[in-house]
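S.K.: Give me the fold of what follows.
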Amino acid sequence: MTSGADTGTNGAPSGRSVFLRGAAVYATVVLVVTLINVMSLQHEMPELAWWKPWTWEGSSLVVILTILWLPWLTLRAAPLEGWRRPLIWLIHLGGMLAWSILHVGGFLILRHSVYALAGEAYNYGDLDEKFLYEARKDILSYTMAVATFWVAGRMVFAQRSEPAAQASPPATFDIRDGARVIRVPVADILAVASAGNYVEIHLADGRKPLMRSSLGAVEAELAPRGFVRTHRSWLVNAARVTGLTPEGSGDWTVELGALEAPLSRRFPDALARLRAG
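M.R.: Below is the predicted model of the structure:
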């Protein structure tokens, strides 16, 4: 999956489009909560200088928006589809800890700076006690950020897939071997693998004809017909998948009858789609 275009090479949403959508939603929610907290503090403690509630809540808002990349990266490294593996939980636990440390450390720096400019000293209180209090809230805010990015990814992927689902493409595919054309039913194609300047097309009857083409060009034709990019060198027919086997480190093996194809951890949306059937 690429990060610089609207869609990745497998037709899935790119990192940039999902991040921007998720970040926009999350930022809106956090901004509303910040405004509510500021107004509540001003109402409960009218004796406070007006800038203090804004400094307290605003510093937290600024830092959270600055470190939104962290839950995004941990989600990319540990997709929620693999939640059964302990490594996924360890990555996200590490992400939560880093999120809390950066959040608390960041807003303390900002608050001390603003107070210093106002000629006052900021007193945060006992750091050990306060950090545990903030950490409990940070677990919720980190989890909400991960969930927001995950939902954004599902929504963008559904939007990209909808036009393809509505189309009615031909039921056959032409394999061009020089001047010869082999016309096969799409349903008989198990997978397509890159082979240098050619692609090797694995058919249900055991044949493996070669066609001079890039895998990307074949993917453009077959993706609307239910084919999924599972690896930079493999394209599989989702309708012919008979099993999925984990291989460790987030990689999987896709079973298509007697044929096996790799599924790289770099294609989490492909795993989700194949699991959904």
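
S.K.: excluding its backbone neighbours, what's nearest residue 247?
M.R.: residue 253 (5.7 Å; Cβ to Cβ, 6 or more residues apart in numbering). C-betas here are computed from N, CA, C, even on glycine.

S.K.: what do you get for residue 131?
M.R.: The nearest residue in space to residue 131 (Cβ to Cβ, 6+ apart) is residue 104, at 5.9 Å.

S.K.: Pretty sure that neighbour sits against residue 134.
M.R.: Yes - between residue 104 and residue 134 a contact is recorded at 5.2 Å, counting by Cβ atoms under 8 Å.

S.K.: I'd like the distance from the helix or strand that contains the residue nearest to residue 131 to the chain centre, please.
M.R.: For residue 104, the element it lies in under DSSP states H and E is helix 86-117. Offset of helix 86-117 from its chain centre (Cα atoms, centre = their mean, to the nearest Å): 22 Å.

S.K.: just checking, next helix/strand downstream of that helix?
M.R.: By DSSP H and E, the next helix or strand past helix 86-117 is helix 127-166.

S.K.: what is the orientation angle of that next one with helix 86-117?
M.R.: Counting by axes from the mean of the first three to the mean of the last three Cα atoms, to 10 degrees, helix 127-166 lies at 120 degrees to helix 86-117.

S.K.: center of the chain - which residue?
M.R.: residue 76 (5.0 Å; Cα atoms, centre = their mean).

S.K.: list the contacts for it?
M.R.: residue 15 (Cβ atoms under 8 Å, 6 or more residues apart in numbering).

S.K.: That one and residue 191, how far apart?
M.R.: 26 Å (Cβ to Cβ, to the nearest Å).

S.K.: Just the buried residues of the helix or strand containing residue 19, please?
M.R.: Using DSSP H and E, residue 19 sits within helix 15-44. For helix 15-44, the neighbour count (16 or more other Cβ atoms under 10 Å) marks 15, 17-19, 21-23, 26, 30, 34, 37-38, 41 as buried.

S.K.: now swap in stretch 125-143 and tell me
M.R.: 131, 134-135, 138, 141-142.

S.K.: same check, this time on stretch 233-249
M.R.: 233-238, 240-241.
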